[in-house]
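Asker: Predicted model and sequence follow; I will ask about them next.
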Amino acid sequence: MTATQRLRQGVRALFAFTKAVDYDLAATHLSAEQMTLFRRMKRSEQLHSLNVLRALQRRYDTVPSDLRIAALLHDVGKTRYPLQIWQKTITVLVRAFLPMYYTKWQHGDPNHWLQRPFVVAENHPKWSAEIVQPTQTSERALWLIAHHADALDQWQSHPYATMLAQLKWADDLN
């Protein structure tokens, strides 16, 4: 994802309070338990997840249920350690301009104010899958959620690689 795309995401998050969240659309694709998790996310993350889903629906004639669930819940792990917009921005800037610090801090303590955004950026996919797992979600949806931030080249021969590429495309777009 480019810095410009991240900047656009930040601006959308900043003005999320002005947009209505389409809970009916989310509820169409999520179970009641999954919907409870969706509602835990910040408004900006709910809007982002709905935009990821809509992008997939616009681009592909058929979007499998597992991919729709992954689109809507891929960032629920961020609820473990909620971040402010400035913290997300710092993460993007440090990753781009000071990658050695990003690498150092991503393995830090999420309770430390400086390290938290880097730990969350690195670990939220795994946390998302852990949080969603008790909701009777399929193995395929959980795998997509857990790996949505991974580099695609490491999964080229995986059976879910195509859906992972679709999820990453829509996530990066939004």
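Answerer: Here it is on my side, so go on. Numbering: from 1, shown residues only.
Asker: what does the model give the most centrally placed residue in the chain for pLDDT?
Answerer: Centroid check for the chain by CA atoms, centre = their mean gives D75 as the closest residue, at 3.2 Å. On pLDDT, D75 comes in at 98.
Asker: Against H48, how distant is it?
Answerer: Using CB to CB, to the nearest Å, D75 is found at 7 Å from H48. C-beta here means a position set from N, CA and C on the backbone, and glycine is covered the same way.
Asker: Residues touching stretch 104-112, excluding its own?
Answerer: Contacts with stretch 104-112, where a contact means CB atoms under 8 Å, 6 or more residues apart in numbering, come from R80, Y81, V94, L114, Q115, R116, F118, V119, V120, A121, E122, N123.
Asker: Try it again at 7 Å.
Answerer: With contact meaning CB atoms under 7 Å, 6 or more residues apart in numbering, stretch 104-112 is reached by Y81, L114, Q115, R116, F118, V119, V120, A121, E122.
Asker: Pull out the buried residues from those residues.
Answerer: Y81, Q115, R116, F118, V119, V120, A121, E122 (16 or more other CB atoms under 10 Å).
Asker: The last one and P64, how far apart?
Answerer: Read it as E122. E122 is 27 Å from P64, where distance means CB to CB.
Asker: Nearest residue to P125 in space, please, no chain neighbours.
Answerer: A149 (4.8 Å; CB to CB, 6 or more residues apart in numbering).
Asker: for that neighbour, helix, strand, or coil?
Answerer: Secondary structure assignment for A149 (DSSP: H, G, I helix; E, B strand; the rest coil): coil.
Asker: Just to check, it is in contact with W127?
Answerer: No. Using CB atoms under 7 Å, A149 makes no contact with W127, being 11.4 Å away.
Asker: Comparing these two, which residue is more hemmed in?
Answerer: Higher neighbour count among A149 and W127: W127, with 21 against 18, using other CB atoms under 10 Å.
Asker: Relative to L25, how far out is the more buried one?
Answerer: For W127, the distance to L25 - CB to CB - is 24 Å.
Asker: so K126 touches A146, yeah?
Answerer: Yes. The pair K126 and A146 passes the contact test of CB under 7 Å, sitting 5.7 Å apart.
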